[in-house]
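Engineer: With the input below, show me the fold.
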Amino acid sequence: MSTPDDEVWDYVIVGSGAGGGTLAARLAEAGMRVLLIEAGGDAPASGADRMPADYHVPAFHACASENPAMSWNFFVRHYASDAQQQRDPKCTPEGVLYPRAATVGGCTAHNAMIFVYPHDSDWDGIAQLTGDRSWRASAMRRYGKKLEQCRHRPLWALARRFGINPTAHGFDGWLTTEHATPKKALADDHLMRVVFGAMELTARSIPRRLHALLGLVRWQGDPNSRLWGRRCFRGVCYTPLSTRDHARHGVRERVLDVAERFPSRLKISLDSLATRVLFDENGAAVGVEYLKGARLYKAHPECSAAPGARCEVRARREVILAGGAFNTPQLLMLSGIGPAEHLKAHGIPVRVDLEGVGSNLQDRYEIAVISRMAQPWEVLKGAEFTTNDPAYRAWSDLREGVYITNGAAVAIARSAKARSLPPDIFCMALVERFIGYYPGFSSGFAQHNDFLSWTILKAHTRNNAGTVRLRSANPLDMPLVDFHYFEEGSDASGDDMRSVVEAVKFVRGLAAPLAERGLIAQEELPGPGVQDEAAIAGYVRDNAWGHHASCTCAIGDPSAGGVLDSTLSVHGVRRLRVVDASVFPKIPGFFPASAIYMVAEKAADMILKNATSQT
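Structural biologist: Below you'll find the predicted structure:
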């Protein structure tokens, strides 16, 4: 057993993603000594094939997901039923690919960079559940302002200098957000028809059309606009990106900056796979055991056969887990915290019997309506998604062209049920063929320059029946993940399916005028033969996917499946917290990154307050 050079840290944080990396940086800035344990390396600095371009170039985010310098490939089940599972064309013998990232920045290093705030009801729901008013949306909004440096609302940025900021935007934070519209896109007549067609049909679907038009002018399509008490956005919008000068910018840059400024306070331990939490004789968390070595975890596509060097590190104040919705419950269970019978079945001594660990797994259902255009997109002319094409040179030299985007041309937030708020459907027009995740999916982006994919995300699911369970007591093994989609899940009413079916019909309506004008050659998926609601539901059931896993260590009462209290502390264990996507009782908003950032900023405040009270 080896021990790192540094003896004891104030805090040991496992995982450097949106939760752990954000928290580590804030604690170090406040004067605490923090060891940040990361299972991967610093992929953009690795010199690996296509690095760092896959990381930095926004349009290469799919390639980043499959770059072995940082990818972890989980294979999950959508259904326990083998017959239903195998109906998904994306399914392999191991399951359906669920890309994760092991590198500094975690999944923020390969995501699509979309920064859309959660709905106020997401925060108010936690406040109501816990009785802790500090979780109210009105209180949480300051954390969004604290982290964001908005660069896509210049007039409000100017007004803020005079003390005027009725928006929810922050303008001085560490995370820059931008809006990317290539000039070339404005000259693509077909693409502009998609954008304006979406605006027209959306306006028609809203009873108060003039009000909707005035709202579009007033809020300029900004989905994060919260002007004058506006609680959520609905309608046509763009997708703000967490980029700086149109290159990916996020947790990695934040962590590396703080580590450089405060090298004695923040240390990043790379290639360090956490295997269990360490406890003292009183049951309090005092450290972490980990294996030192590259590519040890079996999710890595080029997994090493080396055993790794076993190490321990101690925390003077707290241990904080931020490994995400799959790995945090796995680490808790390996440490003896979780469903007692499940732990006993794997020969793990039970320290705390918490039934909720690894339960309550939630995701967003996603599905696409895909059409082949009559001719290729002008905006994609010459784009081969390599570092040798003209589009890359335009990005590299001028920060211009299609590669400054993530592929989304326009988006619509809407409610499946008329007038219901917050909206639960988010539709994006992508100038690519995207059917979800399967091995090699990223190569399709370069092969298809004449497709339009209307992708649909279903928010606020009623299904919380998914589970994460240990495959074995070996920390190198991936856990077993089953989302129990649709009829297998807890949505007995079938509302989720009805909402998605209605959304498919809606985006077909968006595509119809383009087909009538001869701009669309053919609908490829679901296809002309899939028309009635039962057939559409069958298409959704067989093809849906997700990539926003959440809620597996939820805030809540332990008797009702809760794992954490309102301070993110694990029930029944002192000095142990969780700060990542797993903490939410219900999956928040449309895209989880912003919510996780905000939770991490709030966690820093709670942790520092606790530290002050103990001195």
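
Engineer: For stretch 316-323, buried residues please.
Structural biologist: By neighbour count on 16 or more other Cβ atoms under 10 Å, the buried set for stretch 316-323 is 317-323. Where you see a C-beta, it was placed from the backbone N, CA and C, and this is true even at glycine.

Engineer: Those in helices, which ones?
Structural biologist: Judged by DSSP state H, the subset of those located in helices is empty.

Engineer: out of these, who's nearest Asp122?
Structural biologist: Distance to Asp122, by Cβ to Cβ, is smallest for Ala322 among the buried residues of stretch 316-323, at 19.4 Å.

Engineer: Residue for residue, what is the longest strand this protein has?
Structural biologist: For the chain, the strand that runs over the most residues, judged by DSSP state E, is strand 309-321.

Engineer: give me the beta-bridge partners of Val313?
Structural biologist: Note on Val313: beta-bridge partners Val288, judged by DSSP bridges.

Engineer: shouldn't it be in contact with Tyr11?
Structural biologist: No: Val313 is beyond contact range of Tyr11, at 10.7 Å (criterion: Cβ atoms under 8 Å).

Engineer: intersection of neighbour lists for these two?
Structural biologist: Leu35 (Cβ atoms under 8 Å, 6 or more residues apart in numbering).

Engineer: Helices along the stretch 151-300 of the chain, start to end?
Structural biologist: For the stretch 151-300 of the chain, the helices defined by DSSP state H, counting those that start in this stretch cover 154-160, 183-186, 189-205, 209-219, 251-261.

Engineer: ugh, wrong one, the stretch 1-150 of the chain
Structural biologist: Using DSSP H, counting those that start in this stretch, helices in the stretch 1-150 of the chain cover 20-29, 53-56, 61-65, 82-85, 120-130, 137-147.

Engineer: now Val8, which residues is it bridged with?
Structural biologist: Arg314.

Engineer: How many neighbouring residues does it have?
Structural biologist: Using other Cβ atoms under 10 Å, the number of residues around Val8 comes to 14.

Engineer: Next one: the closest residue in space to Ser264 that isn't next to it in sequence from Asp450, what distance?
Structural biologist: Using Cβ to Cβ, 6 or more residues apart in numbering and skipping residues adjacent in sequence, the residue nearest Ser264 is Arg33, 7.2 Å away. Plainly put, Arg33 is 55 Å away from Asp450 if you go by Cβ to Cβ, to the nearest Å.

Engineer: Quick one: find the helix or strand in the protein with the lowest mean pLDDT.
Structural biologist: helix 209-219 (a mean of 50; mean pLDDT, DSSP states H and E).

Engineer: returning to what we had before: where among the helices of the stretch 151-300 of the chain is average confidence lowest?
Structural biologist: Looking at the helices of the stretch 151-300 of the chain, the lowest mean pLDDT belongs to helix 209-219 (a mean of 50).

Engineer: if we can go back for a sec, indicate which one of the helices of the stretch 1-150 of the chain is closest to Phe434.
Structural biologist: That would be helix 61-65 among the helices of the stretch 1-150 of the chain, by Cβ to Cβ, at 8.2 Å.

Engineer: State the mean pLDDT of the closest one.
Structural biologist: Across helix 61-65, the average pLDDT comes to 97.

Engineer: which helices and strands does it pack with?
Structural biologist: Helices and strands touching helix 61-65, by 3 or more Cβ pairs under 8 Å, 6 or more residues apart in numbering; DSSP states H and E, are helix 53-56, strand 96-101.

Engineer: which one is Asn327 nearest to, not counting chain neighbours?
Structural biologist: Counting by Cβ to Cβ, 6+ apart, Asn327 lies nearest to Gly15, which is 7.2 Å off, once chain neighbours are set aside.

Engineer: Isn't Gly19 up against Ala595?
Structural biologist: No: using Cβ under 8 Å, Gly19 makes no contact with Ala595, being 10.1 Å away.

Engineer: more crowded one of those two?
Structural biologist: Between Gly19 and Ala595, counted using other Cβ under 10 Å, the more crowded position is Gly19 (30 against 27).

Engineer: need the contact list for Leu380.
Structural biologist: 402, 431, 449.

Engineer: and if you look at Asn543?
Structural biologist: By Cβ under 8 Å, 6+ apart, the contact set of Asn543 is 88-90, 367, 435-436, 525.

Engineer: What of Met497?
Structural biologist: 486, 491, 537, 540-541.

Engineer: likewise Val195?
Structural biologist: By Cβ under 8 Å, 6+ apart, the contact list for Val195 reads 409-410, 429.

Engineer: how much space between it and Arg517?
Structural biologist: 15 Å.

Engineer: again with Cys303
Structural biologist: Cys303 is 51 Å from Arg517, by Cβ to Cβ.

Engineer: go on, Phe326?
Structural biologist: Separation of Phe326 from Arg517 (Cβ to Cβ) stands at 45 Å.

Engineer: Please apply the same query to Asn360.
Structural biologist: 47 Å.

Engineer: Likewise for Pro166?
Structural biologist: Pro166 sits 41 Å away from Arg517, going by Cβ to Cβ.

Engineer: Identify the bridge partners of Asn569.
Structural biologist: Heads up, residue 569 is Ser, not Asn. Ser569 has the following beta-bridge partners by DSSP bridges: Arg577.

Engineer: so where is the stretch 351-500 of the chain shaky, pLDDT-wise?
Structural biologist: For the stretch 351-500 of the chain, the stretches flagged by pLDDT under 70 are 418-420.

Engineer: where along the stretch 301-450 of the chain do the helices fall?
Structural biologist: Secondary structure of the stretch 301-450 of the chain (DSSP H, counting those that start in this stretch): helices at 324-334, 340-345, 390-398, 444-447.

Engineer: Tell me how many other residues crowd Arg393.
Structural biologist: 15.

Engineer: got the CA positions of stretch 159-173 in PDB?
Structural biologist: Extracted C-alpha coordinates of stretch 159-173, given in PDB (Å, rounded to 0.1, in the frame of the first residue of the first chain):
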ATOM      1  CA  ALA A 159     -26.800  47.700 -18.800                       C
ATOM      2  CA  ARG A 160     -25.400  45.600 -16.000                       C
ATOM      3  CA  ARG A 161     -22.500  48.100 -15.800                       C
ATOM      4  CA  PHE A 162     -25.100  50.700 -14.700                       C
ATOM      5  CA  GLY A 163     -26.600  48.300 -12.100                       C
ATOM      6  CA  ILE A 164     -29.400  47.100 -14.400                       C
ATOM      7  CA  ASN A 165     -29.800  43.400 -14.800                       C
ATOM      8  CA  PRO A 166     -33.300  42.000 -14.700                       C
ATOM      9  CA  THR A 167     -32.100  38.800 -16.500                       C
ATOM     10  CA  ALA A 168     -31.000  35.600 -14.900                       C
ATOM     11  CA  HIS A 169     -27.600  35.900 -16.700                       C
ATOM     12  CA  GLY A 170     -24.300  36.400 -15.000                       C
ATOM     13  CA  PHE A 171     -21.600  38.500 -16.700                       C
ATOM     14  CA  ASP A 172     -18.600  38.100 -14.500                       C
ATOM     15  CA  GLY A 173     -18.400  34.300 -13.900                       C
END
